[in-house]
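[1] Structure for this input, please:
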Amino acid sequence: MNQIEIKSSKKTTNLSFVDNIDAVLSLISQSNQIIFVDKTLKASTKALSDFLDERIEDVFLVHRAEENKNLSKAEEAYKFLTEKNINRDHEIVAIGGGALTDFAGFIAATFKRGIRLTLIPTSLLAQVDASIGGKTAINFGNVKNLVGSFYVPNNVVICSSFLKTLDQQEYLNGLAEVIKHAFITSDEEVDFIFNNIDKINKRDEAVLNEIIKKSVKIKADIVVNDFEEKGRRKFLNFGHTFGHGIESSNLVCPIFHGHAVIIGIMMAIKYSMHKKLLSEKKGLKAMDLISSFDFDFSEIKLNPNEIFQFMKSDKKNYNSLINLVLLKGFGEPMLYEEGNPRELQNFIGDFVEEFRS
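    Prediction:
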């Protein structure tokens, strides 16, 4: 088992990489642990299911976590913990994707003003993104992650064996964040992905563990130095202002977060080129890398006006300017305040028209 310590001003997170699910189960066999788990995951992983059935009284099941990480489900969780007489000597262990770890993290942060928390992310997106950085949240009304807090987990346990159960598009959903981390870090990180495209597509275990470790380290290094997103952590939003606009305009039929983000990254790359910040050579290399993976965009609605309107209301904006993260080169992200909304709106329209053709 490999371990890394992620130290911040809040506390230290012990990040462990384990080889198989049995190794995961050996870490969650203590009597003072309450386990929050995704119901679908429990049903699909026999070893985990058998283990949890033996401890069913200590298990809080969450079905369709993204739909149910809300105040109503939070109230159920608080009631469950209260009836179990849970106190600060106990620990919540969250096993599931990013929505489940978001939800369980929020409960751990708020119940009795904070109890111990271990995250066991089981999707690639959760392993390289949601479990690192201490963001917790629940949805309120129709707004995603409106109510939340920063709360650093005590432990994060990553096991790539869980990724074998993901379908291809859910796997690519997480790969979008891996690609993003590479683009904002260095030429070397981009080249590593380029040189291992076939193995990444085949989910080669050794390469998969390597890209997860690289991606986690990239995010952790940024978060440790800017926990509350005052400076460099904003670079992690590369592609996300465009992507959140796409995601928000598809709320009626929700889409994968990573698919919206990867289109947002494509838009940010092309807008960087449009603004003469990024060379054509680098831009085309970035687009070639993305096209090497079989993202399915067929169900995604791209309405230029809706995307633009949602971008205007993005919470990261200030002074009536739309704030973007653009690229000057691989490893050279920059914050860009767009003061010409008409130019941006026209660009989005042109991008969508070209994307559809």
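[2] tell me which element Phe106 is part of?
    Assigned by DSSP states H and E, Phe106 falls within helix 98-110.
[3] packing partners for that helix?
    If contacts are counted by 3 or more C-beta pairs under 8 Å, 6 or more residues apart in numbering; DSSP states H and E, helix 98-110 sits against strand 33-38, helix 65-68, helix 71-83, strand 91-96, strand 116-121, strand 135-140, strand 143-150. (Each C-beta comes from the backbone N, C-alpha and C, glycine too.)
[4] which residues sit against the last one?
    When contacts are taken as C-beta atoms under 8 Å, 6 or more residues apart in numbering, the neighbours of strand 143-150 outside the stretch itself are 10, 71, 102, 106, 109-110, 134-140, 227-228.
[5] go on, the fourth one?
    The contact list for strand 91-96, computed with C-beta under 8 Å, 6+ apart, reads 28, 30, 32-38, 41, 48, 62, 65, 100-101, 103-105, 107-108, 115-123, 126, 154.
[6] quick check, distance from it to the centre of its chain.
    17 Å (C-alpha atoms, centre = their mean, to the nearest Å).
[7] So what angle separates the directions of that strand and helix 71-83?
    140 degrees (axes from the mean of the first three to the mean of the last three C-alpha atoms, to 10 degrees).
[8] picking that back up, closest to Leu175 out of the helices and strands packed on helix 98-110?
    strand 116-121 (14.5 Å; C-beta to C-beta).
[9] follow-up on the earlier one: would you turn the helices and strands packed on helix 98-110 into JSON lines with mean pLDDT and mean neighbour count?
    Output for those, formatted as JSON lines (pLDDT from 0 to 100; neighbours: other C-beta atoms under 10 Å):
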{"stretch": "strand 33-38", "mean pLDDT": "95", "mean neighbour count": "23"}
{"stretch": "helix 65-68", "mean pLDDT": "88", "mean neighbour count": "18"}
{"stretch": "helix 71-83", "mean pLDDT": "97", "mean neighbour count": "14"}
{"stretch": "strand 91-96", "mean pLDDT": "96", "mean neighbour count": "26"}
{"stretch": "strand 116-121", "mean pLDDT": "96", "mean neighbour count": "26"}
{"stretch": "strand 135-140", "mean pLDDT": "90", "mean neighbour count": "20"}
{"stretch": "strand 143-150", "mean pLDDT": "84", "mean neighbour count": "15"}
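[10] For the ones you listed, give me a markdown table that also has distance to Lys282.
    Converted to a markdown table, the helices and strands packed on helix 98-110 look like this (distance: least, C-beta to C-beta, whole Å):
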| stretch | distance to Lys282 |
| --- | --- |
| strand 33-38 | 39 |
| helix 65-68 | 35 |
| helix 71-83 | 44 |
| strand 91-96 | 37 |
| strand 116-121 | 31 |
| strand 135-140 | 30 |
| strand 143-150 | 32 |
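[11] and of these, who's closest to Ile193?
    Among those, the nearest to Ile193 by C-beta to C-beta is strand 116-121 (20.4 Å).
[12] Distance from the chain centre to the longest helix along the chain, please.
    Under DSSP state H, the helix in the chain containing the largest number of residues is helix 205-225. Offset of helix 205-225 from its chain centre (C-alpha atoms, centre = their mean): 13 Å.
[13] can you tell me how far Ser31 sits from Asp89?
    11 Å (C-beta to C-beta, to the nearest Å).
[14] for the chain, what are the low-confidence residue spans?
    1, 7-10, 315, 318-319 (pLDDT under 70).
[15] Which segments of it make up each domain?
    Domain segmentation of the chain under automatic domain parsing yields 2-165, 168-356.
[16] Using CSV, write down the CA coordinates of stretch 251-263.
    Output in CSV follows, covering the C-alpha atoms of stretch 251-263 (Å, rounded to 0.1, in the frame of the first residue of the first chain):
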residue,chain,number,x,y,z
LEU,A,251,-30.6,19.9,-16.6
VAL,A,252,-33.8,18.4,-18.0
CYS,A,253,-31.9,15.4,-19.3
PRO,A,254,-28.7,15.5,-17.1
ILE,A,255,-25.4,14.7,-18.8
PHE,A,256,-22.0,13.5,-17.5
HIS,A,257,-20.1,16.3,-15.8
GLY,A,258,-16.9,15.3,-17.5
HIS,A,259,-18.4,15.3,-21.0
ALA,A,260,-19.6,18.9,-20.4
VAL,A,261,-16.2,19.8,-19.1
ILE,A,262,-14.3,18.2,-22.0
ILE,A,263,-16.4,20.2,-24.4
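[17] Just the buried residues of that stretch, please?
    For stretch 251-263, the neighbour count (16 or more other C-beta atoms under 10 Å) marks Ile255, Phe256, His257, Gly258, His259, Ala260, Val261, Ile262, Ile263 as buried.
[18] Reformat those residues as a markdown table; add distance to Glu188 and secondary structure.
    Shown next, in a markdown table, are the buried residues of stretch 251-263 (distance: C-beta to C-beta, whole Å; DSSP: H, G, I helix; E, B strand; the rest coil):
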| residue | distance to Glu188 | secondary structure |
| --- | --- | --- |
| Ile255 | 31 | coil |
| Phe256 | 28 | coil |
| His257 | 27 | helix |
| Gly258 | 23 | helix |
| His259 | 26 | helix |
| Ala260 | 27 | helix |
| Val261 | 22 | helix |
| Ile262 | 21 | helix |
| Ile263 | 25 | helix |
